[in-house]
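Student: predicted model, plus sequence, below.
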Amino acid sequence: MMNVKELSTKLEYTIFTLPDPAAQVANGYTSDLLSDVMGNAAEESVLITIQAHRNTIAVASLIGIRAIILCNGRTPSPDMVVAAEQETVALLGTAENQFTTSYRIAAALGIS
Amino acid sequence: MQTIPINTYNSPTVILELIYRLKVKDVMTRSLVSVPMGTTMRAVQHLMREKSITGVPVVSDKRLLGIVSMDDIIQALDFGYINEAVELHMTKNLIVLEDDMPVSFAISYFDRYRYHRFPVLSKDKALVGMVTTRDISTRLLWEINHEVENLERMNQSTKITDGLSRDIQSFAILKHDFENAGFASTEVKKKLKQSNVFPRTIRRAAIASYELEMNIVVHSNGGRITAEYGPHEVVITSEDSGPGIPDIDKAMEEGFSTANEWIRSLGFGAGMGLPNVRSVSDDFSITSSPSGTTVVSTIRFSDNEMKPKTTKDPTKEIETNDER
């Protein structure tokens, strides 16, 4: 368990928006298929993905995902950032790929 | 006073606001094809054919000097000066629009002058664009569509009785409208949350409604999501106007998808949509024909799930009791 602010500082993520720095994350899910995320991601998860558009925010907010990490240096569309703010989902970025991001987050959260 | 070819007296305010709010710069084409002085009429003729345009502005240092129209070219061919420079034969008496003018001006100009296009100048008289009737009608249609959508959304939540029981929400979903996708499911989620439904039930309803909504956006010609709230369950119905699912058994298989490349690149079309809906539903049915597909998903507020989160506020307690 860790809050999104601590997570982003610890792993040096780019912050696109951080509407609720104190939101707790306990788990993670890595996928670029939104239906897969929808059906399988746990609540209070951080979503590791390359889908940098606002539909990702809709999915995240519907199933209680607290933070999205955009991998491979992808940057969000402006409407995605706005949606993230509205839905209180943290939106972060990294140049690392999904695999690296996943194991680093797992380590940071103490899951392994 | 310029006239606009619609009744400005009692037209809907939305439309009036629209033609005054939209500026010429919102509708004009910015990617300009222009030529400098010294260009031959012949070169302009080729340019017109190549780019499929009917008017080319002649520009020097961003200043508009004139326009060569299709008619000017025909004249040049007729009178044998097609190889001469444009500045000798272009149309110089020009009617121009300013980019800050409301679109209503442009409409009335087209009505009054019978030109097919107007050059648009900025405040400091530089040529910044061209506007045609087509530019205006395309943009207006787009805006009107947008406004009507907003109006529909404002009217769609029809309350029948108080409380959760017998409440119905209905949402129009447009084909390929990824921009607004998720709106219906967000509303369903909000509604259930307000009614203190157990989070796991809300999640199931959110998944079902989102997947059904996305199916309409991705695969159908457009349709509707309806959520009917009863005392013990919410029934989510998705109806669309075709083209139908040829093989429902296939569509229910995990991983089977007919989505095209660009839809997949957005992260949709994983072939999990309908299987996801079925797995979160207590009752699930699907029927399909070329004229449309109907999916009904029932999510029950099963007893142990119906219990609200610890409510310390006594008034809240009464409210939730009513809703049972």
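Tutor: Happy to help now that I have it.
Student: would you pull up how far the longest helix seen in chain A lies from the middle of the chain?
Tutor: If you go by DSSP state H, chain A has its longest helix at helix A:98-109. Remark: helix A:98-109 is offset 12 Å from the chain centroid, using CA atoms, centre = their mean, to the nearest Å.
Student: and it, what other elements does it pack with?
Tutor: helix A:4-10, strand A:27-30, strand A:45-49 (3 or more CB pairs under 8 Å, 6 or more residues apart in numbering or on different chains; DSSP states H and E). Just so you know, the C-beta spots here come from the backbone N, C-alpha and C atoms, and that holds for glycine as well.
Student: what about stretch B:252-263, start to end distance?
Tutor: 19 Å (CA to CA, to the nearest Å).
Student: still on that earlier bit, pick the most buried one from the helices and strands packed on helix A:98-109.
Tutor: A comparison of these by mean neighbour count, using mean count of other CB atoms under 10 Å in any protein chain shown, puts strand A:45-49 on top with a mean of 26.
Student: tell me which residues touch the closest residue to chain A within the stretch 101-250 of chain B, please.
Tutor: As assessed by CB to the nearest CB, chain A sits closest to B:Gly182 within the stretch 101-250 of chain B, at 3.0 Å. Counting by CB atoms under 8 Å, 6 or more residues apart in numbering or on different chains, B:Gly182 touches A:Asn55, A:Ala58, A:Val59, A:Leu62, B:Tyr210, B:Glu213.
Student: let's see that with 10 Å instead.
Tutor: Contacts for B:Gly182 were tallied using CB atoms under 10 Å, 6 or more residues apart in numbering or on different chains; they are A:34, A:54-59, A:61-62, A:83, A:87, B:189, B:206, B:209-210, B:213-214, B:217.
Student: follow-up on the earlier one: so for B:Ala270, which of the helices and strands packed on helix A:98-109 sits nearest?
Tutor: Nearest to B:Ala270, of all the helices and strands packed on helix A:98-109, is strand A:45-49, at 12.7 Å by CB to CB.
Student: other SSEs contacting that closest one?
Tutor: Contacts defined by 3 or more CB pairs under 10 Å, 6 or more residues apart in numbering or on different chains; DSSP states H and E place strand A:45-49 against helix A:4-10, strand A:24-25, strand A:27-30, helix A:34-40, helix A:54-63, strand A:67-70, helix A:98-109.
Student: how far does the shortest one sit from the chain's center?
Tutor: I take that to be strand A:24-25. 11 Å.
Student: just for the chain, where's the confidence low?
Tutor: Picking chain A for this. Chain A contains residues with pLDDT under 70 at A:112.
Student: switch to chain B, please.
Tutor: For chain B (pLDDT under 70), the answer is B:1-11, B:154-165, B:303-324.
Student: can you show me the strands along it?
Tutor: Remark: strands assigned in chain B by DSSP state E are B:55-60, B:63-69, B:97-98, B:117-121, B:127-132, B:157-158, B:167-173, B:223-229, B:233-240, B:283-289, B:292-300.
Student: will you turn these into CSV that also has mean neighbour count and distance to chain A?
Tutor: CSV is the format used below for those (neighbours: other CB atoms under 10 Å in any protein chain shown; distance: least, CB to the nearest CB, whole Å):
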stretch, mean neighbour count, distance to chain A
strand B:55-60, 21, 32
strand B:63-69, 20, 33
strand B:97-98, 18, 28
strand B:117-121, 23, 26
strand B:127-132, 21, 23
strand B:157-158, 12, 18
strand B:167-173, 19, 13
strand B:223-229, 22, 14
strand B:233-240, 22, 13
strand B:283-289, 14, 14
strand B:292-300, 21, 14
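Student: now stretch A:49-65: buried residues?
Tutor: In terms of neighbour count (16 or more other CB atoms under 10 Å in any protein chain shown), stretch A:49-65 has its buried residues at A:49-65.
Student: now swap in stretch B:263-283 and tell me
Tutor: Judged by neighbour count using 16+ other CB under 10 Å, the buried positions of stretch B:263-283 are B:263-264, B:266-278, B:280-281.
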